[in-house]
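> Quick check, what structure comes out for this input:
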Amino acid sequence: MADAERKLSNGRTRIEFQTDPSRYRHWKLKLDGDIVTLLMDVDEKGALFEGYELKLNSYDLGVDIELADAIERLRFEHPQARVILLRSGKPRVFCAGANIRMLAGASHAHKVNFCKFTNETRNSIEDASAASGLATICIITGTAAGGGYELALAADHIMLVDDGATAVSLPELPLLAVLPGTGGLTRVTDKRKVRRDHADVFCTTEEGIKGKRAVDWRLVDEVVPGSKLEEAVVRRAKEFAAKSPRPAGAHGIKLDPLKVERSPNGGEYSSISVAFARSERIATVAVRGPDAVPPKSAEEMVALGSQFWPLRLARELDDAILDIRVNEFDTAAIVFKSSGDPAQMMAYDAFLDANMDHWLAREIRNLWKRVLKRIDVTSRSLVALIEPGSCFAGTLAELAFATDRSYMLIGQREGDNKPPAAIALADVNFGAYPMSNGLSRLASRFLANPADLDTAKSERGKMLDADTAQKLGLVTFALDDIDWQDEVRVFLEERASFSPDGLTGLEANLRFAGPETMESKIFARLTAWQNWIFQRPNAVGEEGALRRYGTGQKPVFDTRRV
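Numbering: from 1, shown residues only. Reported below is the predicted structural model:
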């Protein structure tokens, strides 16, 4: 099994998630009115790590970082875009999926986080359609295998050229002794509603399914002769564009590069700071509330662009969480703190509420929804420390509700003139930011007694002190200054002493109570199988299928079922 991570290419020391179209190596964006062509043309020499080439439009995390950036930019910079045409720039291949050499040589932690990020990117494609009216049509010419077909599965409509060679497949089980890592099985059964027996045949057939059978089995939506493909693509694009509510005459905003000053023990953004206490295995993310009043109009919001505080903070928080995920594997816990004026935070939420008919206000709320979901599925213990001077109000209160535990200090500290800790609830806490299970974080918290949710809702707009917050069930513990330091210290020391594998399983099971959705199934199932199958010798051992793929040697399996 590969335990040590490969070296990053080009002398890099950290994986960075910031990019822009001028730096893309693997994707090409072309806008034609309200139709966007997103062309996958992977640079074989553009691998994120050393030791492999990205042949046949195969991908690694670097390819997906660009894809995620492209989808985000289309939502903010091109609100007039209504349809994405997802295509390949390679002849005879759409996408061969995740690069096998990359997976075979990656550490277990990188494999799991790679799959998690690619899942979130596929979810963002689906969210762009559901929440923003930006539909995706995938046009498959050539092989779409494994992750390549999973990319297609995220689209609203799949077109397959009928040329006798083009096929879709999920060959991970027969070829690699693993399973599709980007929600493929769940999307096949839950999204496309493929029959179980057909799905069983499909997922165990290396060469995949093509032509009319692919349509009959619901694996794709239509097959088109090569001679009529472009005509059919234009027709479908116009059909989907006509249904889109995206604003035809809107002008987008530019997503400026994030400014972050990194140091050996942290990073400083404009609205957050990250500090690593590596000996204690703790990352502290301190969020600073707004430093100015909200703009007076939607036009002023647009003029502020990506410097509008809620948008700037969401982007910075997202980048910080991703950085911890893939660059700080030894971090056991993320501690969330905040500072600022809760009333000012509530004013920003009220401004966005009042302007929800404006496309930019909607996109900012949708971005916050995705960032909070990213936090939900991050495999670190999450804790909120709500102290004097905190700003856990409205949208920022969701950070506290997303944690595994929250501690709130009663009153003030001796000699400290900061105002006592308070939590404030707003309308956004009751549905604006649903979790993967479709419920708000407070609804998930109060599953046993929905009346508690109604009680909390009646307290909207009030500054709730520690005792009140605990009585309402909004925090785990309210502590006085005498007990605070010892209680928090013991919790963090205990968390750092537990098995990381056990904690990952615990957190993934406890965070998604209530109804199951396709999205929650994807993350729950993947957490289970990736942390098991990806460590089994049958897949990653010296004689396992991932290691021997392409060598001409057959894998040697331990044939016992467990």
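
> Tell me the spacing between K111 and A96.
From K111 over to A96 the distance is 17 Å, taken as C-beta to C-beta, to the nearest Å. Placement of C-beta: from N, CA and C, glycine included.

> The nearest residue in space to T517 that is not next to it in sequence: neighbour count?
Spatial nearest neighbour of T517, chain neighbours left out: G438 (5.2 Å); criterion: C-beta to C-beta, 6 or more residues apart in numbering. Each residue near G438 was counted by other C-beta atoms under 10 Å, and the total is 14.

> Over to P388?
The tally of other residues near P388 (other C-beta under 10 Å) stands at 17.

> Tell me which stretches of the stretch 201-350 of the chain form helices.
In the stretch 201-350 of the chain, the helices defined using DSSP state H, counting those that start in this stretch lie at 211-216, 229-243, 298-304, 309-327, 342-354.

> Which one of the ones you listed lies nearest to V556?
Nearest of these to V556, taken as C-beta to C-beta: helix 309-327 at 31.9 Å.

> who's sitting farthest from the centroid in this protein?
G415 (42.1 Å; C-alpha atoms, centre = their mean).

> Tell me which of K111 and A96 has more neighbours.
Remark: of K111 and A96, K111 carries more neighbours, 25 against 22, as counted by other C-beta under 10 Å.

> Distance-wise, check the residue lying closest to D69 once chain neighbours are set aside relative to C95.
Nearest non-adjacent residue to D69, counting by C-beta to C-beta, 6+ apart: T19, 5.1 Å away. With distances taken as C-beta to C-beta, T19 is found 19 Å from C95.

> out of those two, which sits in the more crowded spot?
C95 (28 against 18).

> beta partners of that one?
Counting by DSSP bridges, C95 is bridged to A144.

> What pLDDT is listed against it?
Listed pLDDT for C95 reads 98.

> Export the helices of the stretch 201-350 of the chain as JSON lines, with columns for mean pLDDT.
Shown next, in JSON lines, are the helices of the stretch 201-350 of the chain (pLDDT from 0 to 100):
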{"stretch": "helix 211-216", "mean pLDDT": "97"}
{"stretch": "helix 229-243", "mean pLDDT": "97"}
{"stretch": "helix 298-304", "mean pLDDT": "98"}
{"stretch": "helix 309-327", "mean pLDDT": "98"}
{"stretch": "helix 342-354", "mean pLDDT": "97"}
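
> Same list (those) but as JSON lines, adding mean neighbour count and distance to K193.
Shown next, in JSON lines, are the helices of the stretch 201-350 of the chain (neighbours: other C-beta atoms under 10 Å; distance: least, C-beta to C-beta, whole Å):
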{"stretch": "helix 211-216", "mean neighbour count": "16", "distance to K193": "13"}
{"stretch": "helix 229-243", "mean neighbour count": "15", "distance to K193": "20"}
{"stretch": "helix 298-304", "mean neighbour count": "15", "distance to K193": "40"}
{"stretch": "helix 309-327", "mean neighbour count": "21", "distance to K193": "32"}
{"stretch": "helix 342-354", "mean neighbour count": "20", "distance to K193": "36"}
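
> got TSV for these, with distance to I334 too?
Formatted as TSV, the helices of the stretch 201-350 of the chain follow (distance: least, C-beta to C-beta, whole Å):
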stretch	distance to I334
helix 211-216	43
helix 229-243	40
helix 298-304	29
helix 309-327	6
helix 342-354	21
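
> can you tell which of those helices is closest to T504?
Of these, nearest to T504 by C-beta to C-beta is helix 309-327, at 12.2 Å.

> Render the CA-only coordinates of the closest one in PDB, please.
What follows is helix 309-327 as a C-alpha-only set of coordinates in PDB (Å, rounded to 0.1, in the frame of the first residue of the first chain):
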ATOM      1  CA  TRP A 309     -18.000  41.000   2.300                       C
ATOM      2  CA  PRO A 310     -20.200  37.800   2.300                       C
ATOM      3  CA  LEU A 311     -18.900  36.700  -1.000                       C
ATOM      4  CA  ARG A 312     -15.300  37.400  -0.100                       C
ATOM      5  CA  LEU A 313     -15.600  35.600   3.200                       C
ATOM      6  CA  ALA A 314     -17.300  32.500   1.600                       C
ATOM      7  CA  ARG A 315     -14.500  32.200  -0.900                       C
ATOM      8  CA  GLU A 316     -11.700  32.600   1.700                       C
ATOM      9  CA  LEU A 317     -13.300  30.100   4.100                       C
ATOM     10  CA  ASP A 318     -13.700  27.600   1.300                       C
ATOM     11  CA  ASP A 319     -10.100  27.900   0.300                       C
ATOM     12  CA  ALA A 320      -8.900  27.600   3.900                       C
ATOM     13  CA  ILE A 321     -11.000  24.400   4.500                       C
ATOM     14  CA  LEU A 322      -9.700  22.800   1.300                       C
ATOM     15  CA  ASP A 323      -6.100  23.700   2.200                       C
ATOM     16  CA  ILE A 324      -6.500  22.000   5.600                       C
ATOM     17  CA  ARG A 325      -8.000  18.900   3.900                       C
ATOM     18  CA  VAL A 326      -5.300  18.200   1.500                       C
ATOM     19  CA  ASN A 327      -2.200  19.800   3.000                       C
END
